[in-house]
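Enquirer: Everything below, folded, please.
(chains A and B)
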Amino acid sequence: AQSVSQHNHHVILSEAASLELGCNYSYGGTVNLFWYVQYPGQHLQLLLKYFSGDPLVKGIKGFEAEFIKSKFSFNLRKPSVQWSDTAEYFCAVNAQEAAGNKLTFGGGTRVLVKP
Amino acid sequence: EAQVTQNPRYLITVTGKKLTVTCSQNMNHEYMSWYRQDPGLGLRQIYYSMNVEVTDKGDVPEGYKVSRKEKRNFPLILESPSPNQTSLYFCASSLLYGYNEQFFGPGTRLTVL
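Expert: Just a heads-up that it's a prediction; the model follows:
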């Protein structure tokens, strides 16, 4: 069964600092990878996704992620965060052979950006 | 506007009182799914539906039922809610089974006393 782990549960940083959130998954087959963001009181929104092709994926709001197949990782980055990036971030994996079209989520990382 | 809607958004109930959380999408998506979100556990799939009249269990189906009589609607039913079902629930849909980008509803926060 596939599983996803996010290394940091909480991250606190100041505006203009760089952000990197780690995500590792365990599944040996072909995967689709996602990062979702959940702003306070809101539903999940897709930040970016990787299906195939260039392993460096650019998403909305200046976020990007790099798929490193050999490390089973899909880390999220943003060079300079803003206060509005305060949110909870979820990495998710879909194994292409998985029953149920299920997205397996990591436990989430709460990011607090101090103004 | 393309969206997934859920109702109610907030619900407080008591143990054993049957309830239904509705989910509706206006994107003509074939695939729909229910997740629950609990702190530190991310989202876990409860049930999913590949199309009308086709439903199946996810990872945590115990205590829940679903139905898919129409393409746009996918209600989640708790026949006899218990306190361990206190959680934040999300409905999601995607165009096709296997088309993996899922769109999420706004969530329903359920408290069972």
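
Enquirer: could you check the distance from A:Ser52 over to chain B?
Expert: To chain B, A:Ser52 is 12 Å away according to Cβ to the nearest Cβ, to the nearest Å. In short, each C-beta sits where N, CA and C put it, glycine included.

Enquirer: for chain B, what spans make up the strands?
Expert: Counting by DSSP state E, the segments of chain B that form strands are B:4-7, B:10-13, B:19-25, B:31-38, B:42-51, B:54-57, B:65-66, B:76-78, B:87-94, B:103-104, B:108-112.

Enquirer: quick one, which of those is nearest to chain A?
Expert: With Cβ to the nearest Cβ as the criterion, chain A lies closest to strand B:42-51 of those, at 3.3 Å.

Enquirer: number of nearby residues for A:Gln2?
Expert: Neighbours of A:Gln2 under the rule other Cβ atoms under 10 Å in any protein chain shown: 17.

Enquirer: ok, now how distant is the closest residue to it other than its chain neighbours from A:Gln45?
Expert: Using Cβ to Cβ, 6 or more residues apart in numbering or on different chains and skipping the chain neighbours, the partner closest in space to A:Gln2 is A:Tyr27 (4.0 Å). Per Cβ to Cβ, to the nearest Å, A:Tyr27 is found 24 Å from A:Gln45.

Enquirer: Please say which of those two ends up with more neighbours.
Expert: Counted by other Cβ under 10 Å, A:Tyr27 and A:Gln45 do not tie: A:Tyr27 has more neighbours, with 18 against 15.

Enquirer: these two touch, right, the more buried one and A:Lys102?
Expert: No - the pair formed by A:Tyr27 and A:Lys102 falls short of the contact definition of Cβ atoms under 8 Å, at 11.6 Å.

Enquirer: which helices and strands sit right next to the one helix or strand A:Asn32 maps to?
Expert: With elements delineated by DSSP states H and E, A:Asn32 resides in strand A:31-38, which encompasses its position. For strand A:31-38, the contact count by 3 or more Cβ pairs under 8 Å, 6 or more residues apart in numbering or on different chains; DSSP states H and E identifies strand A:23-26, strand A:44-50, strand A:64-68, strand A:73-78, strand A:87-95 as packing neighbours.

Enquirer: mind redoing it with 6 Å?
Expert: Counting contacts by 3 or more Cβ pairs under 6 Å, 6 or more residues apart in numbering or on different chains; DSSP states H and E, strand A:31-38 is packed against strand A:44-50, strand A:87-95.
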